[in-house]
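>>> output the structure for:
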Amino acid sequence: MTRVLLIEDDPAVRQGVVLALRRRGHEVEAAASGEAGLPALERFRPELVLLDLMLPGMSGLEVCRRIRETQQIPIIILSARGDDIDMVVGLEAGADDYVVKPASGEVLQARMRAVLRRVASPGEGDGTGADAREPGPPGTAAPSTQTYGALTVDRSALLVAKNGREVVLAPSELKLLLFLSDSPGRVFSRQQLLEQVWEHSFYGDARLVDACVMRLRAKIEDDSRAPAYVQTVRGFGYRFGPL
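Numbers count the residues shown, from 1 in each chain. Model prediction:
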């Protein structure tokens, strides 16, 4: 069971999503506006937020930004607007995924599970930690902390630091970094990253990858225009390093 905060102004959509999620065993609290949703975030303490973009008063984008100022809770934007500009703007505001409504309960459930797996500890089988590595010699364990230049990644604690100072990453940013840094120098296509990190199979959602890379670079790179860590390989995709 997952505690879900739904911020959605359309009564019919709100009721439909709440019923669909509750039938699947989730605990749901719903708010009809951003002004009502932000206090509910502190009171209800959800594990995931479903957020409409087109809200009265405070927009969904502003709500997303305010949440990201203090919390790294998974956020899925739920919007009737599926064009490129709206999707990219929503992702750049800090959302982890974007679902175009109307969406079935099965789709929401699948996307929620995928996002929540990004914040699972590596030992829980998310494929980004020591359990995904080749076993070392008998009596040894793969180190959970690696250093790449000024960047330190602690896979067990799910912590990232740059020059000794913690870098706070959203769930999708963290899993993308963990995945890429697990194979330094290896190039992954956007489609491969989409399938491995977001667990999507539709190529059109590759915009999720580009938006997340942009946000990640802004946090870990000295110069996002000349990245030292998450590098673009034109015509192919992205790689970590070389350093």
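
>>> remind me which residues of this protein are low pLDDT?
81-87, 118-143, 200-205, 242-243 (pLDDT under 70).

>>> that one: helices as residue ranges?
11-23, 34-44, 60-70, 84-92, 105-117, 171-181, 190-193, 207-220 (DSSP state H).

>>> dump these to CSV, plus distance to Pro227 and mean neighbour count.
To be clear about C-beta, it is placed using only N, CA and C from the backbone, and glycine gets the same treatment. What follows is those, written out as CSV (distance: least, C-beta to C-beta, whole Å; neighbours: other C-beta atoms under 10 Å):
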stretch, distance to Pro227, mean neighbour count
helix 11-23, 38, 16
helix 34-44, 33, 16
helix 60-70, 21, 18
helix 84-92, 17, 17
helix 105-117, 25, 17
helix 171-181, 11, 24
helix 190-193, 15, 18
helix 207-220, 5, 20
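
>>> let me have those in a markdown table, adding distance to Leu53 as columns.
What follows is the helices of the chain, written out as a markdown table (distance: least, C-beta to C-beta, whole Å):
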| stretch | distance to Leu53 |
| --- | --- |
| helix 11-23 | 12 |
| helix 34-44 | 10 |
| helix 60-70 | 4 |
| helix 84-92 | 6 |
| helix 105-117 | 16 |
| helix 171-181 | 18 |
| helix 190-193 | 23 |
| helix 207-220 | 15 |
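
>>> out of those helices, which gets nearest to Asn163?
helix 207-220 (10.6 Å; C-beta to C-beta).

>>> the one residue sitting closest to the centre of the chain: what's it in contact with?
Of all residues in the chain, the one closest to the mean position by C-alpha atoms, centre = their mean is Ser172, 2.5 Å from it. Contact analysis of Ser172 by C-beta atoms under 8 Å, 6 or more residues apart in numbering lists 96-97, 115, 118, 197-198, 208, 212.

>>> Val100 bridge partners, please.
Note on Val100: beta-bridge partners by DSSP bridges are Ser79.

>>> distance of it from Arg111?
Distance of Val100 to Arg111, computed by C-beta to C-beta, to the nearest Å: 11 Å.

>>> cool, Ala161 as well?
30 Å.

>>> now swap in Ala20 and tell me
Ala20 is 13 Å from Arg111, by C-beta to C-beta.

>>> repeat for Gly241
Counting by C-beta to C-beta - Gly241 and Arg111 are separated by 31 Å.

>>> Leu51 now?
In terms of C-beta to C-beta, Leu51 sits 13 Å off from Arg111.

>>> between those two, which contacts overlap?
Common neighbours of Leu51 and Arg111 (C-beta under 8 Å, 6+ apart) are Ile76.

>>> spit out the contact partners of Gly90.
53, 60-61, 64, 77, 79, 98.

>>> okay, now Arg225: neighbour count?
6 (other C-beta atoms under 10 Å).

>>> angles on the backbone of it, please.
phi -80, psi -20 (degrees, to the nearest 10).

>>> about what we covered before: for the residue nearest to the centre of the chain, which non-adjacent residue is spatially closest?
Asp96 (4.2 Å; C-beta to C-beta, 6 or more residues apart in numbering).

>>> shouldn't Gly237 be in contact with Arg186?
No: judged on C-beta atoms under 8 Å, Gly237 makes no contact with Arg186 at a distance of 9.9 Å.
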